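1. below: sequence and its predicted model.
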Amino acid sequence: MSHSSTDYNLLAATKFTSNGNNNKNGNGAAKNGPMDIEKIFGENAFDLDEMQSRLPKDAYESILATIEKGEPIDLDIADSVALAMKEWAVERGATHFTHWFQPLTGSTAEKHDSFVTPNKGGGAIAKFSGKDLVQGEPDASSFPSGGLRATFEARGYTAWDPTSPAFIIENMNGAYLAIPTAFASWNGEALDHKTPLLRSNAALNKQALRVLQLFGVEGVYAVTSTVGAEQEYFLIDEEYYFRRPDLQMTGRTLIGAKPPKGQELDDHYFGSIPDRVLSCMLDTEKELYRLGIPVKTRHNEVAPSQYELAPLFENTNVACDHQQLVMITLQRIARKYGLVCLLHEKPFAGINGSGKHNNWSMSTDAGMNLLEPGDNPHDNMQFLFFCAAVVSAVHRHQDLLLVSVAYAGNDHRLGANEAPPAIISVFLGEQLEDIFTQLVEGSVKESKQGGLLGLGSSVLPNLPRHASDRNRTSPFAFTGNKFEFRSLGSSQSISFPNTVLNTIVAESLDEMATQLETRLETGETLEQAVGEILSKVIGDAIDIVFGGDNYTDEWYAEAEKRGLLNLRSTLDSLHHMLDEKNIKLFEKYAVLSEAELRSRKEIWVEQYFLRINIEGETTESIARRMIMPAAVRYLKQLTDAANAGKDLDLDVDGITDTAKRVADYINRFQKAVGNLIDQNKELGGETAHEKAEHMRTNVIPAMKEVRAMADRLERITAHDLWPLPTYKQMLFVK
């Protein structure tokens, strides 16, 4: 996919059918006319076009320089921007504004303030100043800080992020203006995901510009990473959701037997989209278009009732904000259609879970994609330089990449045959891997070409074939003009994974640029210096490159020989977060101080403990109050039937055998529940780390034992007595 604005123009020129209100017909679709994307795209976003039409020329040029070139924001223009923003928002029906931020909870936060200010005459006017725009002061006391401030210290600040457009959120009873902001403590430490992301963008920009200058590239003033994040999700009927305490409390089913038919036939993947689901998708897309979010693709995913939405590329900071809005909008619009959107990584055991592929690249303000190989990548020194920097960064910081995706929900996916393994490797494709091998051996003479792919019929065209196939098992794959980081979980914010990517690549570019400067100063030609640097850098990192099947036992053994990390769980990954090299990395590039990094580890360990603790107690509650009574009622029905049959001198051996089996399952189930009760009573220690380890070592195995017996009971208990909606109902009623 191109990173240029042409994609957005093509998107805006396309028309689909929308179903965007509550006037539904019998199949759940709303009765609406065609959706004119060109007309509605960005109408609820205060974007550059809107600013240009409303701001004085000098104010617009000033804020444009900040957005496109990273120049410091001129606070003298704040009043002009605030006035224009307020007038635009009021025209759109907004009565309130909020500083919209991303605390370390992983979700978003907002506090609404009215535009209305009383005047001397006893009336009221809509007022919004530059001060209101630039800074807010939400109470920070209830947001996680990981020890960055004392519990009694409540002051926190939000700071306007001018690089991400403000937007309108509408409700049937009104609307409000949301202003993307950073969130910091009274002492200035980052309490959010946006602040370090912006810092990492600055670090990457600085080092990438150094490299481009050495390559003689002119007319480039800024480099930013770009991201397109694919979103997988499930949609189920809301009736079933509200009858499942586990889905309500934890986002996943803690109990539930696999249905006879799941995804084995591969008939759901890319299949025809059911009417109600398609109506929901169209309505969601309409709202995303209005927010200026360039969604491009929709389709059925592998599992029943699983779907995917994918946007075009945007600058990483904006893409991260938009990704949060995508998740919020999916969940909000689904309810209009009697559906619930499940974003958990593994809402249903035994079938495919949900991830979020993070397609990452680097682009200049002139529209140049720095990871575009060109027709002959072996001749493209600049591309190879940037590509090698990424590969080197991944090799050096496998641990940080796994830290960035480590949390309880994702433990259900990573390492399974539905998601990348917990071993980081890089897939380059046959063509690029061959070039890298030639570089390590000394020099590059040719690139493997793709050619044309004949399809065996004169009526079908010959297709241009890529020089390499895709590898769906790789956690970090080069896919033409970007790297696809495939290990992210479906419910997580993409901000920290991209903060890590920006920072580790900035470090590689910094070191490689320094080497290049030194060699050029000694009189080496650019081509000679780059060749020698690439040979050394790639040679040092070549162990991370793997083009085979990442799911095989042979790869696990091979990865161990290569010295690659295999961090199988959240706690294994977080253990490496404060390694000395990681603290030095984030401090060197002013992305996170040691205190800020330590706070994040504390928060994420505590969140792991809390999530598993909630799951353990929810499992216990369902087992004791729902499953056990249902099983006992069924046993009573069987024993009553057996006794009645004996009174009539009937052969009741089948009923008796079934009753014995149910009784055996109940006894084993009760034993497992008793163990879980004991484990839930113990927290494992005083610190978050001790409690988290208790959850992993004791509570999770106890939950699995309860589930195993509950699922056996589900398969044998009378359907009309079973208290929970089954997988068959939830996955196949659409």
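-> Noted; the coordinates are in hand.

2. just the helices in the stretch 301-450 of the chain please.
-> With helices called from DSSP state H, counting those that start in this stretch, the stretch 301-450 of the chain shows them at 316-336, 381-396, 398-403, 430-441.

3. tell me how many other residues crowd residue 308.
-> Burial measure for residue 308: 20 neighbouring residues, criterion other CB atoms under 10 Å. Quick note: C-beta positions are derived from backbone N, CA and C, even for glycine.

4. hang on, isn't it packed against residue 295?
-> No. Counting by CB atoms under 8 Å, residue 308 does not reach residue 295; the two are 10.9 Å apart.

5. look up how far residue 425 lies from the nearest residue to residue 543 once chain neighbours are set aside.
-> Once flanking residues are discounted, residue 543 sits nearest to residue 562: 4.1 Å by CB to CB, 6 or more residues apart in numbering. Distance, residue 562 to residue 425, by CB to CB, to the nearest Å: 9 Å.

6. do residue 567 as well
-> 13 Å.

7. the two: who's more crowded?
-> Higher neighbour count among residue 567 and residue 425: residue 425, with 27 against 22, using other CB under 10 Å.

8. not counting sequence-adjacent ones, nearest residue to that one?
-> Per CB to CB, 6+ apart, closest to residue 425 is residue 546, 4.1 Å.

9. run through the protein and note the low-pLDDT ranges.
-> 1-33, 118-126, 139-141, 147-155, 264, 266, 376-379, 415-419, 443-470 (pLDDT under 70).

10. looking at it, which strand is longest?
-> strand 174-185 (DSSP state E).

11. report the buried residues of that strand.
-> Residues 175-185 are the ones in strand 174-185 that count as buried (16 or more other CB atoms under 10 Å).

12. by contact count, what packs against it?
-> Where contact means 3 or more CB pairs under 8 Å, 6 or more residues apart in numbering; DSSP states H and E, strand 174-185 is packed against helix 78-91, strand 94-100, strand 156-160, strand 166-171, helix 194-214.

13. same list (those) but as TSV, adding distance to residue 485 and mean neighbour count.
-> Output for the helices and strands packed on strand 174-185, formatted as TSV (distance: least, CB to CB, whole Å; neighbours: other CB atoms under 10 Å):
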stretch	distance to residue 485	mean neighbour count
helix 78-91	34	19
strand 94-100	25	22
strand 156-160	28	22
strand 166-171	26	19
helix 194-214	15	22
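
14. make a markdown table from the ones you listed and add distance to residue 326 to it.
-> What follows is these, written out as a markdown table (distance: least, CB to CB, whole Å):
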| stretch | distance to residue 326 |
| --- | --- |
| helix 78-91 | 22 |
| strand 94-100 | 14 |
| strand 156-160 | 22 |
| strand 166-171 | 13 |
| helix 194-214 | 16 |
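
15. residue ranges of the strands in the stretch 251-400 of the chain, please?
-> With DSSP state E, counting those that start in this stretch as the criterion, the stretch 251-400 of the chain has strands at 295-300, 306-311, 314-315, 339-342, 358-364.

16. how far is the first one from where the chain is centred?
-> Relative to its parent chain, strand 295-300 has a centroid offset of 16 Å by CA atoms, centre = their mean, to the nearest Å.

17. what angle sits between it and helix 316-336?
-> On the basis of axes from the mean of the first three to the mean of the last three CA atoms, to 10 degrees, strand 295-300 is oriented at 40 degrees to helix 316-336.

18. on that earlier part again, does the residue nearest to residue 543 touch residue 541 like I think?
-> No. Contact criterion CB under 8 Å: residue 562 and residue 541 do not qualify, at 11.0 Å.

19. can you pick out the residue with more neighbours from the two?
-> residue 541 (22 against 16).

20. spatially nearest residue to the more buried one (excluding sequence neighbours)?
-> Leaving aside its chain neighbours, residue 541 sits nearest to residue 395 (3.8 Å; criterion: CB to CB, 6+ apart).

21. count of residues packed around that neighbour?
-> 23.

22. that one and residue 537 touch, don't they?
-> No. Contact between residue 395 and residue 537 fails when scored by CB under 8 Å: they sit 9.5 Å apart.

23. got JSON lines for the strands of the stretch 251-400 of the chain, with distance to residue 554 too?
-> Output for those, formatted as JSON lines (distance: least, CB to CB, whole Å):
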{"stretch": "strand 295-300", "distance to residue 554": "32"}
{"stretch": "strand 306-311", "distance to residue 554": "30"}
{"stretch": "strand 314-315", "distance to residue 554": "39"}
{"stretch": "strand 339-342", "distance to residue 554": "35"}
{"stretch": "strand 358-364", "distance to residue 554": "28"}
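
24. residue 666 is nearest to which of the ones you listed?
-> strand 339-342 (30.4 Å; CB to CB).

25. most tightly packed of the helices of the stretch 301-450 of the chain?
-> helix 398-403 (a mean of 24; mean count of other CB atoms under 10 Å).

26. other SSEs contacting that helix?
-> Counting by 3+ CB pairs under 8 Å, 6+ apart, helix 398-403 packs on helix 495-521, helix 570-574, helix 580-588.

27. so which of the ones you listed is nearest residue 618?
-> In terms of CB to CB, the element of those nearest to residue 618 is helix 570-574, at 19.1 Å.

28. contacts for that closest one next, please.
-> Helix 570-574 has contacts (CB atoms under 8 Å, 6 or more residues apart in numbering) with 399, 402-403, 406-408, 410-411, 422, 567, 601, 604-605, 608, 692-693, 696.
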